[in-house]
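1. Got a predicted model here, sequence first, then my questions.
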Amino acid sequence: MKRVITWFLIVFIVVAVATKIVLLNVPQEPPLIHDGKYIVLFHTEARCVTCTKMEFLIKKVLKEQKHNDLDLLLVEYDMPKNKELVERFHVGATAIILMEQANGKTFRSCDISTEAWNLIRNSNDFVEMLQTKLSEFYEQTRHQ
């Protein structure tokens with residue numbers, strides 16, 4: 001019985017690893033980003049508690065936010081299809097970028113990752129910082 005279980009586990013692991021290798025090497029289309037304003041949350045495929053908390057708080061702010069033309073874009077920075085975006089914003093860890101896209105190109109952006117990481121332990125401080133940064137981001141848009 002132990003041999004059957006051992007062989008089953010070995011086969012399962014080999015199949016899982018082979019599947020992952022194939023998926024990473026299959027050409028994938030990069031995400032199509034339409035013109036608009038975004039909060040881009042870069043994260044790994046395997047989500048950590050902090051990253052999940054950031055996403056939850058961002059969604060909370062977006063629900064309460066007076067600006068309804070802002071979308072959340074989740075980008076796995078460890079996936080080959082997202083390489084161009086990762087290189088454009090110099091991402092190597094979980095990051096939050098405010099971005100405005102116009103005519104298929106990044107019109108402007110603001111990296112708030114440092115502030116986000118410094119405040120994520122206190123949800124209220126994180127939410128307040130995000131609301132402030134969003135207000136500043138929109139204020140810039142009105143003056144351009």
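-> That came through, no problem. Numbering: from 1, shown residues only.
2. For the longest helix anywhere in the chain, what does the pLDDT average out to?
-> The helix that spans the most residues within the chain, counting by DSSP state H, is helix 2-25. Summarised as a single mean, pLDDT over helix 2-25 is 83.
3. Please list the outside residues in contact with it.
-> If you take C-beta atoms under 8 Å, 6 or more residues apart in numbering as the criterion, helix 2-25 is touched by 79-80. For the C-beta atoms, the positions are set from N, CA and C on the backbone; glycine is no exception.
4. At which residues are the strands of the protein located?
-> Ranges of strands in the chain, per DSSP state E, are 36-43, 70-76, 95-102, 105-111.
5. Looking at those, spot the one closest to Lys53.
-> Nearest of these to Lys53, taken as C-beta to C-beta: strand 36-43 at 11.1 Å.
6. who does the closest one touch, helix- and strand-wise?
-> Counting contacts by 3 or more C-beta pairs under 8 Å, 6 or more residues apart in numbering; DSSP states H and E, strand 36-43 packs against helix 49-64, strand 70-76, helix 83-89, strand 95-102, helix 123-143.
7. Please tabulate those in a markdown table and include mean pLDDT, mean neighbour count and distance to Glu115 as additional columns.
-> Output for the helices and strands packed on strand 36-43, formatted as a markdown table (pLDDT from 0 to 100; neighbours: other C-beta atoms under 10 Å; distance: least, C-beta to C-beta, whole Å):
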| stretch | mean pLDDT | mean neighbour count | distance to Glu115 |
| --- | --- | --- | --- |
| helix 49-64 | 90 | 15 | 12 |
| strand 70-76 | 88 | 16 | 17 |
| helix 83-89 | 85 | 14 | 16 |
| strand 95-102 | 89 | 20 | 9 |
| helix 123-143 | 83 | 15 | 5 |
